[in-house]
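Q: Give the three-dimensional model of this entry:
(2 chains)
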Amino acid sequence: MFKPLDPLLNSELRLSIMSLLIGFEEASFSFIKDKTGATAGNLSVQLQKLSEANYISISKSFKGNMPLTTCRITPLGIQAFEKHVEALMSFINVSKDK
Amino acid sequence: MKEKELSHQESFQVIQEMIEIAKNKMTDTGFHFLLWGVLVIAASITQYFMISKGMAKDSDLVWIIMPVIGVPVALIYEYRRRKTEKAHSKSDKMYGYLWLGFGITLFLSIYISVSFSINPIAFILLLVGFATFVSGAIYRFTPLIAGSFVFWLAAALCPHMESQNQLLINALAIFMGYIIPGILLWRKYNKVNHV
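A: Numbering: from 1, shown residues only, chains lettered A, B, ... in the order given. This next block holds a predicted model:
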């Protein structure tokens, strides 16, 4: 039986962000930008969407005079990510069974 | 990266790529292994020669001077590194707790050993071996795991040696278990990590 995919995580960049944050305690905006290869503008928009869904938390501070944006995955985000992976697995398993 | 819907295969590929980044992110620079390695070797050899020159009574001072130098250097280094680090992995957190726990246990072990007038070197080597083994396992870094076996072997040799010679075994074990992996870790960090 297919499980529903999370529409928020069915985009390349948002899924990349979530997969990256799953492995890290926290990561800065510049680190995520570097690793995903996204543009700053697009990344900001996608981070905002994930934050509005409470999948990640974003905190803003300063490192010296430079602004520092730090992201972390929330427990809800971990849950959503796991469900999304389970749903993907269900698609793969059904395809195999056919 | 464009905003596009993914096929199931593509989704798995994205997840795998990002998890691989987290897995390969080495955040231990090897600095602490090198710092404490050099300090412990220097203290061990100094005490060995002080005992040889008949200054055994004052020689324990080297173990007080060592942390007085090491702790501020380690704290300043760690503070600066954390300020410049762009991401902290979950392994870093475990790693931090491991070495904090090690530090507390080490301090208490030395205190208890000295209170019972027991030479603490073998116990210190056992503890160092344990913490080094777990560190190696966390970062999947074989030289550290190999180093931990050197510490355990050195600890097992201690009861068969005179106290003064245990200092030389200690220095040798630290060289093999801290300095060599520390250099390799430093090189690996600089090669892998430039985020």
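Q: Which parts of chain B are strands?
A: Under the criterion DSSP state E, strands of chain B are mapped to B:87-89.
Q: Might one say that residue A:12 is in contact with residue B:6?
A: Yes - between residue A:12 and residue B:6 there is a contact at 5.6 Å, judged by C-beta atoms under 8 Å. To be clear about C-beta, it is placed using only N, CA and C from the backbone, and glycine gets the same treatment.
Q: residues in contact with the residue lying closest to residue B:59 once chain neighbours are set aside?
A: Using C-beta to C-beta, 6 or more residues apart in numbering or on different chains and skipping residues adjacent in sequence, the residue nearest residue B:59 is residue B:50, 3.8 Å away. With contact set as C-beta atoms under 8 Å, 6 or more residues apart in numbering or on different chains, residue B:50 has these partners: B:56, B:58, B:59, B:62.
Q: what about the third one, how many neighbours?
A: So the one you mean is residue B:59. Look at residue B:59: counted by other C-beta atoms under 10 Å in any protein chain shown, it has 20 neighbours.
Q: same check, this time on the first one
A: Taking other C-beta under 10 Å as the neighbour definition, residue B:56 ends up with a count of 13.
Q: Overlap of the contact sets of residue A:12 and residue B:6?
A: With C-beta under 8 Å, 6+ apart, residue A:12 and residue B:6 have common neighbours residue B:14.
Q: Give me the local confidence score for whichever residue of chain A sits closest to chain B.
A: Nearest residue of chain A to chain B (C-beta to the nearest C-beta) works out as residue A:23 at 2.5 Å. On pLDDT, residue A:23 comes in at 83.
Q: Pull the contacting residues for the residue nearest to it when sequence neighbours are not counted.
A: Closest residue in space to residue A:23, ignoring its immediate chain neighbours: residue B:22 at 2.5 Å, by C-beta to C-beta, 6+ apart. Neighbouring residues of residue B:22 by C-beta under 8 Å, 6+ apart: A:20, A:22, A:23, A:24, B:89.
Q: Also residue B:48?
A: Residue B:48 sits next to B:164, B:167, B:168, B:171 when contact means C-beta under 8 Å, 6+ apart.
Q: again, only using 10 Å
A: Residues counted as contacts of residue B:48 (C-beta atoms under 10 Å, 6 or more residues apart in numbering or on different chains) are B:59, B:62, B:164, B:165, B:166, B:167, B:168, B:170, B:171.
Q: Mind giving me the ChimeraX command for buried ones among the residues you listed?
A: Remark: buried members of the contacts of residue B:48, expressed as a ChimeraX selection using 16 or more other C-beta atoms under 10 Å in any protein chain shown:
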select /B:59,62,166,167,170,171
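Q: is the helix or strand containing residue A:44 up against chain B anywhere?
A: If you go by DSSP states H and E, residue A:44 is part of helix A:40-52. Yes - counting by C-beta under 10 Å from any C-beta of the partner chain, contacts between helix A:40-52 and chain B involve A:42, A:43, A:45, A:46.
Q: So which bits of that helix are buried?
A: Those would be A:43, A:46, A:47, A:49, A:50, for helix A:40-52 by 16+ other C-beta under 10 Å.
Q: where does the chain dip in pLDDT?
A: I went with chain A, as the question did not name one. A:1, A:94-98 (pLDDT under 70).
Q: The chain in question should be chain B.
A: Judged by pLDDT under 70, the stretches of chain B that qualify are B:1-4, B:23-27, B:192-195.
Q: Now for residue B:102, how many residues are close by?
A: Here the number of neighbours of residue B:102 (other C-beta under 10 Å) works out to 17.
Q: Report the separation between the closest residue to it other than its chain neighbours and residue B:33.
A: Computed as C-beta to C-beta, 6+ apart, the closest residue to residue B:102 that is not its neighbour in sequence is residue B:131, at 4.1 Å. From residue B:131 across to residue B:33, the span is 11 Å (C-beta to C-beta, to the nearest Å).
Q: which neighbours do those two share?
A: With C-beta under 10 Å, 6+ apart, residue B:131 and residue B:33 have common neighbours residue B:144.
Q: Those two: which is more packed in?
A: Comparing residue B:131 with residue B:33 by neighbour count (other C-beta under 10 Å), the higher total belongs to residue B:33, at 26 against 21.
Q: Nearest residue to the more buried one in space, please, no chain neighbours.
A: Leaving out its chain neighbours, the residue that sits closest to residue B:33 by C-beta to C-beta, 6+ apart is residue B:182, at 3.3 Å.
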